[in-house]
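Asks: Could you work out the structure for the sequence below:
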Amino acid sequence: MAGSEPVFDRILIVDDNPSIHDDFRKILCDQSQDETFVELASALFGDRFASGGGMGPAVAVRSEVASLAAGETFRVDFADQGLEGVRLAESAMRANAPFAMAFVDIRMPPGIDGVETTLRLWELDPNLQIVICTPYSDYNWSEMKHRLGRSDRLLLLKKPFDAVEVLQLASSLTRKRQLEYRADLRDAELQSLIEKRTNALRTLAETDSLTRLLNRSSFLSRLQRRLDGCRDIQDTHSAVLFLDLDNFKLVNDSLGHEAGDEMLIEISRRIREVCRRRNSMLHLREFQRGRKRTLDSAGADRLDDMTLPARLGGDEFAIMVADVRDSSSAEELGRELIEAIGKPIEWSDRKLFGGVSIGTVLVSGGGEASDVLRKSDTAMYDAKVRGTNQFSVFDEAMHRRVAKQLAIESGIRRALECGEFSLHVQPITCLADGKQVGFEALMRWFSDDEMVHTPDEFIPIAEENGQIIEIGQWVVHSAMQIASRYAQADRVNGMGHLTINVSRRQLIAPGFVESIVAALKRYDVPANWFGIEITETAVVETHHTIYDQLVRLRTMGFKIYLDDFGKGTSSLSFLNHFPIDILKIDRSFIVNETPRGTAILEAIVMMANALGIEVIAEGIETEEQRSRAERLGCTFGQGYLLGRPKPPEAWLGEPLARHHPPSG
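Replies: Modelled structure (predicted):
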């Protein structure tokens, strides 16, 4: 600070008497010549200074002045009239070398007086220290205070004045001006530091610590301001997009939270980039239109905020979008987001694939931000139920659909607690001789209100919310309990393999294989009585994380079934690399006979046979379909023609007592 700050050593003298200029010059500019000093002191202070033959008081005053002046250096400028003094002060301000103080005579005819001069000097430099010098009694202190106001920058010095007084005032007031400057500078530094820290705290309070996007509370606050500011705008809408990542929990559960965090950071970056591109297009549009937008008191309509993203928590995001004409423009943005998020993410030596379900709601202004966000959440839930990478626009009918879905979620919990779930089994048959070689265990839900829920109705919901883990455990325990009871009744030989459907979330859940081992021990059944059935989609999407589990299960004796093959994005390479024993061809190849489908099915069967993998044709409902499947080389079949799902006793003999959900 000391190296660059201005030095406040400049003094302005404004007086119409040239001899007064000389007096100030001798006091402030040169105290080293004794004779000159004595003459000056005698002229200013009269005979009392010279008493004692020039000694005594004269020597004392001179000594005091010299002591005060020691080490003091002043640069003094002189003006004969008030306007000239104002011009000097103005020039000093422009040169960034302001005066520290000014001695101003009260009367300077024919120009402006000292009071008017002081007012004009303060207009230029409010911090200027001013001493008004007057020998007259017609300007009393009360009158001057009335015109000049109260100020700690104003002093009065009566003429004739003492040299010591002049030096004291010059020394004190220049020093005061220097200290005030330093205090102001320090105050500015502290204010800047406070502002920076306040902004940092505000940023922490308003943004998500991981992604640096707005957090939920800040997003809702800005959304409310926008809604309140757009009540009278009828030709445009705002939109809120609610984003929920598909299968994010799979990444967290299989690869850990570090991978999940990296995925969230990268997806946030992509969301921000999509929003930035839209804002740039809006800037261009506004420039081409030559329009200037009107800002509200909170600046809610700034172009940079026209598309504003936030992380609401977990894997949920929201985007506030202004200037939306209709749902199609919101959907266009949604599709761009789906494309950006769906690109693979490099992490370690893996590629992570993200998907997203997006719901949106249009609003014209007014309303509560929390209600708007809730509606967009409802639309997102509707999109998620329809599959991955879906976009949905809110309508009032969604309330009923979502309410039903939420009722199913709560019903699943009740069903697990009250024993409403049961297992049916469907036979797997040899197509050549019609013999049953095994069964697939299938869930059925008969609620206490006599409503029947199909697996297609509740399994996708359970997959998404994580309830499938507990349901899967129930299925494993129930299937092994059935096998154990029929083994005790010496009828297990008629059962063959009993296959258990396992979801991808079960496969990647920590301790899954260990839970299977514990169940085998609990019911005292061997692994080679069972098959583990997984879908082709589970293999394609999580093959990096489930391979080891499948190898362990197969080593234990389980047969590994690949279900719904051909339904999704098939990859024949998985048949070669994964421990697959039995391939189940999706029913679409059997039900819909086309030349292209027949050729594909023949190729699949041929490759499976070459790899030693047996093939089961699913969905056989007619004799023609059975014959076709056999003709194309499928060894086994499954479908309503060959046997519908029924309680175990319907296929295996005497009924067993109804089993309840196993505990533990």
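Asks: so where's the stretch 101-250 of the chain shaky on pLDDT?
Replies: Residues of the stretch 101-250 of the chain meeting the criterion pLDDT under 70: 136-140, 230-236.
Asks: Please enumerate the strands of it.
Replies: Taking DSSP state E, counting those that start in this stretch, the strands of the stretch 101-250 of the chain run over residues 101-105, 129-134, 154-158, 237-246.
Asks: who are the neighbours in contact with residue 519?
Replies: Listed by C-beta atoms under 8 Å, 6 or more residues apart in numbering, the contact set of residue 519 reads 476-477, 480. No exception for glycine: its C-beta is placed from N, CA and C like everyone else's.
Asks: For residue 417, see how far away residue 157 is.
Replies: According to C-beta to C-beta, to the nearest Å, residue 157 and residue 417 sit 95 Å apart.
Asks: likewise residue 228?
Replies: 46 Å.
Asks: Same check on residue 397?
Replies: Taking C-beta to C-beta, one finds residue 397 at 31 Å from residue 417.
Asks: likewise residue 645?
Replies: 24 Å.
Asks: thinking again about what came up before, more neighbours: which of residue 228 and residue 417?
Replies: residue 228 (15 against 9; other C-beta atoms under 10 Å).
Asks: How are the helices of the stretch 1-150 of the chain distributed by residue range?
Replies: For the stretch 1-150 of the chain, the helices defined by DSSP state H, counting those that start in this stretch cover 18-29, 34-45, 47-50, 57-69, 82-94, 114-124, 141-148.
Asks: show me the contacts for residue 326.
Replies: Here residue 326 is in contact with 237, 362 (C-beta under 8 Å, 6+ apart).
Asks: any weak-confidence spans in the stretch 451-600 of the chain?
Replies: 451-452, 488-495, 540-544, 567-574.
Asks: Tell me which stretches of it form helices.
Replies: 455-465, 468-488, 504-508, 512-523, 536-556, 573-577, 587-591, 595-610.
Asks: how about the CA coordinates for the third one, as PDB?
Replies: When you say that, I think you mean helix 504-508. Provided in PDB are the C-alpha atoms of helix 504-508 (Å, rounded to 0.1, in the frame of the first residue of the first chain):
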ATOM      1  CA  ARG A 504     -29.800 -57.400 -13.400                       C
ATOM      2  CA  ARG A 505     -30.200 -55.400 -10.200                       C
ATOM      3  CA  GLN A 506     -30.000 -58.600  -8.200                       C
ATOM      4  CA  LEU A 507     -26.900 -59.800 -10.100                       C
ATOM      5  CA  ILE A 508     -25.000 -56.600  -9.300                       C
END
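Asks: what packs against that helix?
Replies: Judged by 3 or more C-beta pairs under 8 Å, 6 or more residues apart in numbering; DSSP states H and E, helix 504-508 is in contact with helix 248-255, helix 468-488, strand 530-535, helix 536-556.
Asks: As TSV, those with distance to residue 78 and mean neighbour count would be great.
Replies: Shown next, in TSV, are the helices and strands packed on helix 504-508 (distance: least, C-beta to C-beta, whole Å; neighbours: other C-beta atoms under 10 Å):
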stretch	distance to residue 78	mean neighbour count
helix 248-255	80	20
helix 468-488	93	20
strand 530-535	98	23
helix 536-556	88	18
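Asks: just so I know, which of these lies nearest residue 165?
Replies: Each of those was scored for nearness to residue 165 using C-beta to C-beta, and the closest is helix 248-255 (81.0 Å).
Asks: what packs against the closest one?
Replies: Identification of packing neighbours for helix 248-255 by 3+ C-beta pairs under 8 Å, 6+ apart yields helix 257-289, strand 350-352, helix 504-508, helix 536-556.
Asks: So which of those is nearest residue 19?
Replies: Closest approach to residue 19 among the helices and strands packed on helix 248-255 is made by helix 257-289 (68.2 Å; C-beta to C-beta).
Asks: just checking, what packs against the helix or strand hosting residue 328?
Replies: Assessed by DSSP states H and E, residue 328 sits inside helix 327-342. Using 3+ C-beta pairs under 8 Å, 6+ apart as the contact definition, the elements that helix 327-342 packs against are strand 237-246, helix 257-289, strand 316-324, strand 355-363, strand 391-393.
Asks: What angle do helix 248-255 and the first one make with each other?
Replies: This means strand 237-246. Angle of strand 237-246 versus helix 248-255, following axes from the mean of the first three to the mean of the last three C-alpha atoms, to 10 degrees, is 30 degrees.
Asks: same question, the second one
Replies: With the same axes, to 10 degrees applied, the angle from helix 257-289 to helix 248-255 works out at 140 degrees.
Asks: Give me the contact list for the next helix or strand after helix 257-289.
Replies: Helices and strands here follow DSSP H and E; after helix 257-289, the next one along the chain is strand 307-313. Residues outside strand 307-313 that contact it (C-beta under 8 Å, 6+ apart): 208, 210-211, 213-216, 218-219, 222, 264, 268, 271-272, 275-276, 278-279, 282, 317-322, 333.
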